[in-house]
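> Need a 3D model of the following:
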Amino acid sequence: MTTLLILALLIALLLTGIPIFVGLGLTSIIIMLITEGSISSAADTIFGKLDNGLLTAIPMFAFMAHVMIKSRVVDDLYEAANAMVGHVKGGLGVATVLSCTIFAAISGSSVATALTIGSSAIPQMKRFGYRPHESYGVIAAGGTLGILIPPSGPLILYAIVTETSIGALFLAGLIPGIMMAIIFAFWSVGQGYTNKNIRDNKWVGWRECSAAMRRSFWALLMPPIVLGGIYFGIFTASEAASIGCIYALLVGALVYRNFGFKELYETAFETVRTTAMLFMILAAAALFGHAVTIIRLPIELVESVLTLGLTPMMFILVVMAVIFVLGMFMETISIILITTPIILPALIQFDINLIWYGILLMINLELALITPPVGMNLFVIKGIADAPLAEVIRGALPYVVLMVVGLFIVLAFPSLATWLPEIAGYGR
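Residues are numbered from 1 along each chain as shown. Take a look at the predicted model:
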């Protein structure tokens, strides 16, 4: 009952349109005033959560992504992918998925991936006979890979909240992320066979493919540098972020030669704005976690779950169903920071691998990006294509089913998420 009252209060506040961090903060303050009679512990709680060196990875990965976007490396990426696979059945869709996958590994942002790739791909796909909703769907779904494929902002936040290794989570997201991309690609090939209006690109020849790959070389080198360094233990996730920033600046300034002081200022401004928003939410979430701990909500939740006699798998299924519903109405960061502190004790009690759960959560949050009424990627596609929202939703619906299939595959085979971290020497 307490849980429902707190969630009702929080949702009521958020429905008024106030910022997320304000809703979390007000709910926390109300709980603390009722239970403790003061909010004197708030400052120590917030400082304790934000006084964490791992948090430096967030602004650095955001800066790296903004630099690569400003440098317009995506144009070369899309051309290279299109040159390689655009001639096969449904190849343009496959090239779009491939571009989204690579750009997700550069930007770490689902919205940025959908926005950047969509601007180039949607007109091209329509020109080659794709129905409007088909082109919208593949971009909306392909963009979600930014959550799962490292470096991912939501994965970093989850790691901080649960005190799990960022490097382990980055490695854990690789195989499921590639798996989801392959599932999307097969669906695109299927569309190529079922929609007779789709025209395939002509094979451009190995010389043009080689030239396209050379043009995209510097962009393609970014993920191996960042993730390879983490995998081989050369540097930590935070150090990888700083290396990525330096590399992105060098590529933009010296290779593409379109990144000067003006672009540096704009990129720094965007990074500060994004980081400030995330840190405000993180501070409010820390306060919320402290408040629910005061009223013993996590403990009561664990005890309630144990009395129901649920198995660990049944508990995971219930949590995934709840998060799927929440994803229809809330954005990804809010879901992570609201639900994780509450269910974390139950995950530990059930001895559920936090790395595996984190990847399941990310796939579920991918669904949140393309499920109405608050799917962020749906509105991004609507904006860049000037399309009716109903048409965008129609295109995204098959990918909702595909993501649910992917979620159940990772549920059935946890090693898809845990194998790479284990061989890299990370614990649970």
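> Pull the residues that contact stretch 372-381.
Stretch 372-381 has contacts (C-beta atoms under 8 Å, 6 or more residues apart in numbering) with 110-111, 114-115, 118, 122, 136, 139-141, 143-144, 328-332, 368-370, 387, 389, 392-393, 396. Quick note: C-beta positions are derived from backbone N, CA and C, even for glycine.
> Take that stretch, keep the C-alpha atoms, and write them as CSV.
Below are the C-alpha coordinates for stretch 372-381, written out as CSV (Å, rounded to 0.1, in the frame of the first residue of the first chain):
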residue,chain,number,x,y,z
PRO,A,372,3.3,5.3,-27.5
PRO,A,373,2.2,7.6,-26.0
VAL,A,374,5.6,8.9,-24.8
GLY,A,375,8.1,7.1,-27.1
MET,A,376,10.9,9.7,-27.6
ASN,A,377,12.1,8.2,-30.9
LEU,A,378,8.6,8.3,-32.3
PHE,A,379,8.5,12.1,-31.8
VAL,A,380,12.0,12.5,-33.2
ILE,A,381,11.0,10.7,-36.4
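> Buried residues, that stretch. List them.
Neighbour counts over stretch 372-381 (16 or more other C-beta atoms under 10 Å) mark Pro372, Gly375, Met376, Asn377, Leu378, Phe379, Val380, Ile381 as buried.
> Make a PyMOL selection of the buried ones in the contacts of stretch 372-381.
Listed next is the PyMOL selection for buried residues among the contacts of stretch 372-381, using 16+ other C-beta under 10 Å:
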select buried, resi 110+111+114+115+118+122+136+139+140+141+143+144+329+330+331+332+368+369+370+387+392+393+396
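> What separation is there between the residue positioned nearest the centre of the chain and His133?
The centroid of the chain falls nearest to Ile147 when counting by C-alpha atoms, centre = their mean (1.4 Å). Going from Ile147 to His133 by C-beta to C-beta, to the nearest Å gives 23 Å.
> show me where pLDDT drops low in the stretch 1-150 of the chain?
1-4, 6-7, 11, 14-15, 17, 20, 54, 74, 86 (pLDDT under 70).
> Just the buried positions in the helix or strand hosting Thr267, please.
In the assignment (DSSP states H and E), Thr267 maps to helix 261-294. By 16+ other C-beta under 10 Å, the buried positions in helix 261-294 come out as 263-264, 267, 270-271, 274-275, 278-293.
> So what's the model's average confidence on it?
What helix 261-294 shows for mean pLDDT is 81.
> which stretches of the stretch 251-400 of the chain have low pLDDT?
Using pLDDT under 70, the stretch 251-400 of the chain drops low at 297-303, 305-306, 329-330, 373-374.
> and Val88, which of the three is it?
Recorded secondary structure, Val88: coil (DSSP: H, G, I helix; E, B strand; the rest coil).
> My guess is it contacts Ser188. True?
No. Using C-beta atoms under 8 Å, Val88 makes no contact with Ser188, being 9.7 Å away.
> Just say helix, strand or coil for Ile352.
Ile352 - assigned by three-state DSSP - is coil.
> again, but for the one 3 residues further on
Following three-state DSSP, Ile355 is assigned to helix.
> The closest residue to it other than its chain neighbours: neighbouring residues, count only.
Leaving aside its sequence neighbours, Ile355 sits nearest to Ala172 (C-beta to C-beta, 6 or more residues apart in numbering; 4.9 Å). Using other C-beta atoms under 10 Å, Ala172 has 32 other residues around it.
> Look up the pLDDT of Ala172 for me, please.
Reading off the model, Ala172 has pLDDT 93.
> and the helix or strand harbouring it, how far out from the chain's middle?
In the assignment (DSSP H and E), Ala172 maps to helix 166-194. In terms of C-alpha atoms, centre = their mean, to the nearest Å, the centre of helix 166-194 is set 13 Å apart from its chain centre.
> Isn't the residue nearest to Ile355 up against Tyr357?
No. The criterion here is C-beta under 8 Å, and Ala172 misses it with Tyr357 at 10.2 Å.
> Between Val88 and Ser188, which contacts overlap?
Shared contacts of Val88 and Ser188, defined by C-beta under 8 Å, 6+ apart, comprise Val94.
> quick one, which of the two is more surrounded?
Per other C-beta under 10 Å, whichever of Val88 and Ser188 has more neighbours is Ser188, with 29 against 17.
> doesn't Gly90 make contact with that one?
Yes. Here Ser188 reaches Gly90: they are 4.4 Å apart, a contact under C-beta under 8 Å.
> what's the neighbour count on Met313?
12.
> who's in contact with it?
Leu411.
> From Phe103, how far off is it?
35 Å.
> what comes up buried for stretch 224-237?
Result for stretch 224-237 [16+ other C-beta under 10 Å]: buried residues Val226, Leu227, Gly229, Ile230, Tyr231, Thr236, Ala237.
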